[in-house]
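Enquirer: Sequence first, then the predicted structure:
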Amino acid sequence: MINDRLSATFAALADPTRRSILAQLARGEATVNELAAPHAMSLPAVSRHLKVLEKAGLVVKGREAQWRPCRLDAGPLRDVDEWMAPYRAFFESRFDRLEEHLKTMMGEERRDEPAGSEPTPRHSEEQSS
């Protein structure tokens, strides 16, 4: 079941207009007209984007008399964050190891240079060819 929700969330986030709408809603509630203003599209087109976001659970429409504000629901984004956590940990550990390796390489390179000399780029010979 969680995979179905994740698929719906990722599908909704795949469109740049929908990501823009979510960014607007992250600043606070807005009407469809307010959400449509920065986009060069019709109100029905924006409404279709909102329906996709609603279906994914990312947007909730309220009812306050004649005003129907839309608001962001971050629940599905938390689900994505939880799903990504093990992958994030994997890549962060890889980046940490790469950083350590590069520091080691830089330290070895510095020890190989004569004192007081300017470091020379290793690729300078390739550039002159």
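Expert: All right, it came through fine. Numbering: from 1, shown residues only.
Enquirer: low pLDDT regions in this protein?
Expert: Scanning the chain for pLDDT under 70 picks out the ranges 1-3, 65-66, 112-129.
Enquirer: if we go to 80?
Expert: 1-3, 63-67, 89-91, 93-98, 101, 108-129 (pLDDT under 80).
Enquirer: hey, where'd the helices end up in it?
Expert: 2-13, 16-26, 32-36, 43-55, 75-112, 124-128 (DSSP state H).
Enquirer: Make a markdown table from these and add distance to Lys61 to it.
Expert: Using the backbone N, CA and C atoms, a C-beta is placed for each residue, glycine as well. Listed next are these as a markdown table, based on distance: least, C-beta to C-beta, whole Å:
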| stretch | distance to Lys61 |
| --- | --- |
| helix 2-13 | 15 |
| helix 16-26 | 11 |
| helix 32-36 | 9 |
| helix 43-55 | 7 |
| helix 75-112 | 15 |
| helix 124-128 | 59 |
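Enquirer: Show me what counts as buried in stretch 33-51.
Expert: Leu35, Ala36, Val46, His49, Leu50 (16 or more other C-beta atoms under 10 Å).
Enquirer: Hmm, the third one is touching Pro38, no?
Expert: No - no contact is recorded between Val46 and Pro38 when judged using C-beta atoms under 8 Å, the distance being 10.1 Å.
Enquirer: before we move on, the earlier item: sort out which one of the buried residues of stretch 33-51 lies nearest Arg88 for me.
Expert: Arg88 lies nearest to His49 out of the buried residues of stretch 33-51, by C-beta to C-beta, at 28.2 Å.
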